[in-house]
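> Requesting a structural model of the entry that follows:
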Amino acid sequence: MSSKNARADSLSLLLFTLRSGKLMAINLLKVSEIIPCPPLTRLPESHPHVKGVATLRGNSLSVIDLSRAIGEMPLLDPSGGCLIVTDISRSKQGLHVQGVSKIIHCLTTDIRPPPYGAGVKSFITGVTQVDGSLVQVLDIEKVIHGIAPAPIVAAPETLGEEDAMLLAQANILVVDDSQVALQQSVLTLRNLGLECHTARSAREAIDTLLELQGTPGQINVLVSDIEMSEMDGYALTRTLRETPDFKDLYVLLHTSLDSKMNSEKANAAGANAVLTKFSSPELTQCLIRAARAVIGLDS
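Reported below is the predicted structural model:
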C-alpha cells in the first residue's frame, strides 16, 4: 500500500490577504458569506482577539481580529476590510481580513505540509503555489481554539461497565493535521481511560497502520480528519478499502465541516461514520459504536 498512488480529491480555496499582503487561504466549504465590515459592538471582558459583535440578519456574530489572532500587524484601517463569515465546528464567526482575492480550484495533492520548522506557533496546516506565489492555508481550528476552546467533558463517571469493556478492545489511531484538533480528540480518549496512537498526516497514518499490523496493538478503529494536505480523509479511506489488510478497518471521519454535507462523500469513500467536530460526548458515542462493530456485536 502506498499513499503516493491515492486518488486526489478536488478542493476550492478562498484566497484572502491581511496587512502584509501575503496570500492566505481557507476551504471554501467553511465560508458561508463575505460581507463588508459592519459596525461592531465591543463587549466588556471579551477576548482581546475578538474585535466585537456584529448583528447579521438578527443574529449575533463574534468577529475575530484575524491579524492579532495569528500574530500579524493590525490592519491599517481597523474599520475597513471585510468579514469572511465561517461556519465550522458547530459555530459561526466572522474573520476580519484586509481583502478577499479570488477562489481557486486545486487538488488535495497540491497542498503540501507546512515548511519544516514552522513550529507549534504556526497557524497554517499547509501551503500551495498559485501563479508563482506561496499561499498559506489557515488553521482556523487553532485560531478559534485560542479564543474559545471547545469544552472537553470528562466521561469515565458516566460510562457504563459494558461500554467501558467495549472501548477497552478498541485500538485507536487518531489522524489530524491540526495539532489543536488532535489534542482535543486525544484528551477525550484519555478522559475515557484510553490511550491511542496519533498521526499528523495520512502518510504517517499509513506507516503506523503497517507497523502495527499483525501485532497485539493492531489498529482496529481509525479516527481521521477530512481536510489534510497531500492526502485527505476521503482518499485515505479509499486507499485503505482497496488494501486487503485494511478493508474492514472501522473508519470514522471527524470533520470541522457539517457532517451532513459530507455524509455522501464519506459513504462513497467507504467510511463507516462521519462526525462534526467538536463534541466530546458525541465522539464518545461514536467510539462505542465503533467498538461494538469491531468485536462483531453490530452488523
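> could you point out which element follows the helix or strand bottoming out on mean pLDDT in the chain?
Between all helices and strands in the chain, the lowest mean by mean pLDDT, DSSP states H and E belongs to helix 259-269, at a mean of 81. Downstream of helix 259-269, the first helix or strand assigned by DSSP states H and E is strand 273-276.
> can you dump the C-alpha coordinates of that following strand into PDB?
The C-alpha atoms that make up strand 273-276 are tabulated as PDB, following Å, rounded to 0.1, in the frame of the first residue of the first chain:
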ATOM      1  CA  ALA A 273     -19.300   7.100  10.000                       C
ATOM      2  CA  VAL A 274     -18.800  10.800   9.900                       C
ATOM      3  CA  LEU A 275     -19.000  13.300  12.800                       C
ATOM      4  CA  THR A 276     -18.700  17.100  13.000                       C
END
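> partners of that strand in the sheet?
Applying DSSP bridges, strand 273-276 is found paired with strand 250-255 (parallel).
> Touching the strand it pairs with from outside, list them.
176, 181, 185, 220-227, 233-234, 237, 240, 262, 266, 269-277, 283, 286-287, 290, 293-294 (CB atoms under 8 Å, 6 or more residues apart in numbering). Placement of C-beta: from N, CA and C, glycine included.
> cool, and stretch 30-43?
With contact meaning CB under 8 Å, 6+ apart, stretch 30-43 is reached by 14, 50-56, 63, 79-88, 92, 96, 100, 140, 256-257.
> Make a ChimeraX selection of whichever of the residues you listed turn out to be buried.
Buried members of the contacts of stretch 30-43, defined by 16 or more other CB atoms under 10 Å, are picked up in ChimeraX with:
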select :14,50,51,52,53,54,56,63,81,82,83,84,85,86,87,88,92,96,100,140,256,257
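> Inside helices: which ones of the contacts of stretch 30-43?
Assigned to helices by DSSP state H, the following of these qualify: I140.
> How much space separates L236 from K30?
When distance is defined by CB to CB, to the nearest Å, L236 is 20 Å away from K30.
> Which one's more surrounded, the two?
L236 (29 against 21; other CB atoms under 10 Å).
> and that one, that one's in a helix?
Yes - under DSSP: H, G, I helix; E, B strand; the rest coil, L236 sits within a helix.
> ok, for it, nearest residue in space, not its chain neighbours?
Distances taken as CB to CB, 6 or more residues apart in numbering put A202 closest to L236, at 4.1 Å, once the chain neighbours are dropped.
> now do I88
Nearest residue to I88, sequence neighbours excluded (CB to CB, 6+ apart): S256, at 4.4 Å.
> Please verify my assumption that the one you found contacts S279.
No - contact criterion CB atoms under 8 Å: S256 and S279 do not qualify, at 11.8 Å.
> the domain parsing of this structure - what is it?
If you go by automatic domain parsing, the domain ranges for the chain are 3-147, 156-294.
> looking at those, which has the lowest confidence?
Mean pLDDT is lowest for domain 3-147 out of the domains of the chain, coming in at a mean of 87.
> related to what we said a few turns ago, restricted to strands, list the contacts of stretch 30-43.
Taking DSSP state E, the ones among these that sit in strands are 14, 50-56, 63, 82-88, 92, 96, 100.
> thinking again about what came up before, report all helices and strands that the least confident helix or strand of the chain contacts.
helix 233-241, strand 250-255, strand 273-276 (3 or more CB pairs under 8 Å, 6 or more residues apart in numbering; DSSP states H and E).
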